[in-house]
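K.L.:
What follows is a predicted protein model with its sequence.
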Amino acid sequence: MSTRQQLFWVSFLSLFFELIVVRWLPADIRMFTVFKNFPLAACFVGFGVGCALGQPKHFRLSPVALLLFVGVTKIFSETALGILPFQSERNFDWFQVAEIGIPYWLYFIAYLASLLLLLAGPFLVSACIGARLGALFNEIGSLQAYSINLAGALVGTLAFALASFSGMWPDHQLLIAVIILLVCLKGEAAYKSKILLPCLLAVGLMFIHVPQGNAPIFWTPYTRLQLKPFTFLNAKGMTETGRYRLEANRGFQQEFMDWSDQFLQRKDVPADIMSEARTLNDMYAVPYSFVTTPQTLENVLILASGTGNDVQSAIIHGAKHIDAVEIDPVTLSIGKKYNPLKPYSSSSVNAVCDDARHFLRTTKRKYDLIIFAFLDSITVLSSGSSVRLDNFVYTKQSIESALKVLQPDGLICLQFDIHHAWFADRLFKTMTQAAGYSPIVFAYNVHNQYSQNYYFLLGQAVKDKKISLPKSVNLSVGEITSSPSNTVLTDDWPYLYLAPVAVDKLYLFAVAEILLLGLFVSRRILLKQSSNQNYQMMSLGAAFLLLELQSIAHLALLYGNTWLTLSVVLSGVLTLILLANVLVLRLGEAIGKRIELLYLGLFAAIACSYLLPFESILANPFPSEIIGYAIVTAVALMPMFFAALVFSTTFKRVENPAVALGFNSLGAVIGALCEYATTYIGINNLVLVAGGFYALAFVLLLLQRKATTSAANAG
C-alpha cells in the first residue's frame, strides 16, 4: 500500500471511529446523557496528542487500545452500570439518582472515576491513529496530505451514515474499523502475535451481548431502542402479552397495549394490566373531550406519533384524515408490527417519517386538531451539541408554525409529562408569547409520584374562554408556579430541559476534571512545541468547531432535523473544506499574499451569519421558497468556506504539519467544551465566540510576522 493510500484509509478510520464513539457511548451509557460531548473531546485530545508526537510506532498499539475501549464499554453497556445517570443541577434527566438509594457524594466520586475509565479507550485509540496520521502528514506535505485526509474523512462519514441507517449496531460497526486497521497494519513486525490477536479478541467482544430474553434491541439512526413485553396468563392458561414498554437510550419513552373496548370487557386480565389499559384509554382521549362537535374532525395532526397510541385515539374519535408524523423510522415500524391495535393500518392514517418542525413549515393542509404527543427524543442533535432532537419542537416559533396551520375553530393540545413546576411554567410562558394569550392548562390526575401529565390548549375557543373542565374525564386545573428566572423557549435558546439554575457547579467540576487531565496528557506538546504559529492552529480548531455546530443547528431547522439532513450537512462541510484546500493548492502563492483579505472576508461572513434574520425568513418565506433556502444555506456555509481558506493558507506555512494538526485538534477540544456556553448565551451568539477565536488567531499571525521580521533584521 502506497503512502497516500495509507493516509486515505487511516483518515477514514479516524473519523469513522470518532463517529462510532459519539453514537455508542451517549446512547448506551446514561451517564453521558449530560456529558455527551466528552467522548468527542476525548477523541480530539487523543488525536491531537498522537499527531503532535508523530511516532508511527504507536500506531501498532491501536489494536490493544481498541480492545481496551471495547472491553470497558461492554462492561458498562451490558450491565446495570449502563443505566446509572449523572444528576446535574441544571440538566434534567428522567432517571433520578435519589432512586438508587446511596449518598450522592459517594455516587459522584464513583461517577467521575467511571467517566475517566470510559474515556480512556477513545483517547488511546485516537492517539494511536493520530500518531500514524501525523507521521504521514510530515512525509507527504501539509496541503496534499490534508486533501487526502479530507477525502478519507468524507468517505468515512458516508460509510458511517449508511451503516447507521441500515440499523447496524455501533459495536458491530467497529468490525469495519478493525478490517481497515488490519489492512493498514499489514506488514508490520509481530503482525500475528501483537496485532492480530488483540483485534480478534476485540471482535469477539463486539458480538457478545447479555441475553435480553424476549426484549429485542434496535439501533436507529438516532437512538438505541429496546422493546420490553410484559406478559400474563389468560383464562386458558396461555401466556399473553399485556403491554409493551419502549425504552430509548436506556430510559422510558412510551408504552402501548390493547385498550380497545373488547379488551376492556375481558374478565381474565390481571387487575394491574386492566388498570393500565383503562388509564391509557382515558389519557389519550383527553384532547377529544374538548372537541364539542366531533363531526368537525376532518383533519388531525399528531406530532411524534410514536408507536400509535395517539393515532388509535384519533381513529376511535372519528377523525377522517390523520397525519401521523414520527421522526424515527424504526419507531414507526415497531408501532406497525407490534401495536395490537394496528392503528397505522387504518385507511384514514397517513404515516409520515419527518421532523415535526419541518412538517409544520411545509404542510399545505389545515388541521382541526393538532396534538404534540408527549414528544421527547432523549437524543442530542449532533455529536458536540447541547441541543436535543425535540428541543426545537417546543419553541415559540414552533408554536407559531402550528397556529398557522390550525383551522380558525381548531385546537392545539400540547401534552407533556411534567416532573417539576418550572417545566409547566416554561411551556406556559412560551405558548403565551407565541399565541398572544394564555393557554388553558389541565392535569391528568392518574399518574405516579414523580410526574403528572399536563395538557396545554390553544385555539380560538381558548382565547374566547369557551373551554371548560369536562366532568367525564379525571382532570384538574393544572398549577402554574411562575418563576422570574425561567426563560421562554426560542429557536436561539431551545433548551427545554435546563432548570432555571444560574450555575451548574457539579457539571463545571466534571468539566474542570476533564480539562486538567487534557492539559496533563498534552503538557509536553503545549510547552515544548509552543509557538505563535501552533497557537494559531489551536485557535482555528476551536473556532471552526463552533462555526460548524451553529451552522448545523440553523440548517437542521431549515431542512428538517433528521439523520439525512445531518449526514448531508457533515458531508457538505467536508466537501467545502476540500474545495477550499484544493483552491489554496492551486493558487497558494496568490492567496497566501492576501491572507488579511481572507480574514476580512471571514469576519464579514461571520457578521452576515450573526445578523441574518433567520427567524423572519423561516416565518415569512421569500416569494420563491428556493431563494429563501439558498440565502440561508449560503449565509450558514460561507463563514466555513472562508475559515477553510484561512486554515489551508496557514497550514501550508507550518514547519511541522503533524504538530500543527495536533494543536488544531486540541483547539477543537476547547471548542467542544465552549459549546455548552450556548445554554447561557444562545445558539446565534456562538458565532461571536468563534469570531473571538479567529480574532485571536489573526493577532497571533501578526505577532508571528513581527517576530519573523525582527529575526530577519537581526540576521
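P.N.:
Nice, I can see it. Numbering: from 1, shown residues only.
K.L.:
For the closest residue to residue 495 other than its chain neighbours, identify the helix or strand it belongs to.
P.N.:
Among residues not flanking residue 495 along the chain, residue 679 sits closest, at 5.3 Å (CB to CB, 6 or more residues apart in numbering). Every C-beta, even on glycine, is put in place using the N, C-alpha and C of the backbone. Under the criterion of DSSP states H and E, residue 679 resides in helix 678-681.
K.L.:
and residue 105, how many residues sit next to it?
P.N.:
Neighbourhood size, residue 105 [other CB atoms under 10 Å]: 8.
K.L.:
I'd assumed it was in a helix, is it?
P.N.:
Yes - under DSSP: H, G, I helix; E, B strand; the rest coil, residue 105 sits within a helix.
K.L.:
any idea how far it lies from residue 73?
P.N.:
Using CB to CB, to the nearest Å, residue 105 is found at 26 Å from residue 73.
K.L.:
Ok, residue 38 next?
P.N.:
In terms of CB to CB, residue 38 sits 14 Å off from residue 73.
K.L.:
How many neighbouring residues does residue 486 have?
P.N.:
20.
K.L.:
Give me the spatial nearest neighbour of residue 629, chain neighbours excluded.
P.N.:
Nearest to residue 629 is residue 558, by CB to CB, 6+ apart, at 6.5 Å.
K.L.:
low-confidence ranges in the stretch 251-400 of the chain?
P.N.:
In the predicted model of the stretch 251-400 of the chain, residues 292-295, 377-387 satisfy pLDDT under 70.
K.L.:
which stretches of it form helices?
P.N.:
Using DSSP state H, counting those that start in this stretch, the helices of the stretch 251-400 of the chain run over residues 261-264, 271-285, 309-316, 329-338, 356-362, 396-404.
K.L.:
got these as TSV, with mean neighbour count columns?
P.N.:
Converted to TSV, the helices of the stretch 251-400 of the chain look like this (neighbours: other CB atoms under 10 Å):
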stretch	mean neighbour count
helix 261-264	12
helix 271-285	17
helix 309-316	25
helix 329-338	19
helix 356-362	22
helix 396-404	21
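K.L.:
got the ones you listed as CSV, with distance to residue 515 columns?
P.N.:
Listed next are those as CSV, based on distance: least, CB to CB, whole Å:
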stretch, distance to residue 515
helix 261-264, 56
helix 271-285, 46
helix 309-316, 44
helix 329-338, 37
helix 356-362, 34
helix 396-404, 35
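K.L.:
Indicate which one of those is closest to residue 184.
P.N.:
helix 329-338 (33.3 Å; CB to CB).
K.L.:
Tell me how far that closest one lies from the chain's centre.
P.N.:
22 Å (CA atoms, centre = their mean, to the nearest Å).
K.L.:
do stretch 276-287 as well
P.N.:
On CA atoms, centre = their mean, the centre of stretch 276-287 falls 31 Å from the chain's centre.
K.L.:
contacting residues around that stretch?
P.N.:
Contact with stretch 276-287 is made by 242-243, 255-259, 263-264, 269, 309-310, 312-313, 316-317, 369, 371, 411, 413, 415, 442, 444, 446, 453, 455, 473-475, as judged by CB atoms under 8 Å, 6 or more residues apart in numbering.
K.L.:
Tell me which helix or strand in the chain has the weakest average pLDDT.
P.N.:
helix 614-619 (a mean of 68; mean pLDDT, DSSP states H and E).
K.L.:
mind showing which ranges of the stretch 401-550 of the chain have poor pLDDT?
P.N.:
Ranges of the stretch 401-550 of the chain meeting pLDDT under 70: 445-451, 472, 502.
K.L.:
just the helices in it please.
P.N.:
421-435, 460-463, 505-521, 523-528, 532-559.
K.L.:
Return the most buried member of those.
P.N.:
helix 532-559 (a mean of 24; mean count of other CB atoms under 10 Å).
K.L.:
Tell me the first helix or strand C-terminal of that helix.
P.N.:
That would be, after helix 532-559 and using DSSP H and E, helix 563-586.
K.L.:
So in this protein, which strand runs the longest?
P.N.:
Using DSSP state E to assign secondary structure, the strand with the most residues in the chain is strand 406-418.
K.L.:
Which other helices and strands does that strand contact?
P.N.:
strand 367-373, helix 396-404, helix 421-435, strand 452-459, helix 460-463 (3 or more CB pairs under 8 Å, 6 or more residues apart in numbering; DSSP states H and E).
K.L.:
Sheet partners, orientation included, of it?
P.N.:
strand 367-373 (parallel), strand 452-459 (antiparallel) (DSSP bridges).
K.L.:
mind giving me CSV with those and columns for distance to residue 660 and mean neighbour count?
P.N.:
Compiled in CSV, those are given as follows (distance: least, CB to CB, whole Å; neighbours: other CB atoms under 10 Å):
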stretch, distance to residue 660, mean neighbour count
strand 367-373, 49, 26
strand 452-459, 53, 22
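K.L.:
Surely residue 603 and residue 690 touch.
P.N.:
No - using CB atoms under 8 Å, residue 603 is not in contact with residue 690, being 10.6 Å away.
K.L.:
who's more crowded, the two?
P.N.:
Using other CB under 10 Å, the more surrounded residue of residue 603 and residue 690 is residue 690, with 28 against 16.
K.L.:
Now for the more buried one: which residues touch it?
P.N.:
542-544, 546-547, 550, 606, 639, 671.
K.L.:
Next: residue 655.
P.N.:
Counting by CB under 8 Å, 6+ apart, residue 655 has contacts residue 533.
K.L.:
can you state the direction angle for the one helix or strand residue 162 maps to and helix 563-586?
P.N.:
Element membership for residue 162, per DSSP H and E: helix 142-165. Interaxial angle, helix 142-165 versus helix 563-586 (axes from the mean of the first three to the mean of the last three CA atoms, to 10 degrees): 170 degrees.
K.L.:
residues near the closest residue in space to residue 421 that isn't next to it in sequence, how many?
P.N.:
Closest residue to residue 421 apart from its sequence neighbours, by CB to CB, 6+ apart: residue 481 at 4.2 Å. Per other CB under 10 Å, the neighbour tally for residue 481 reads 11.
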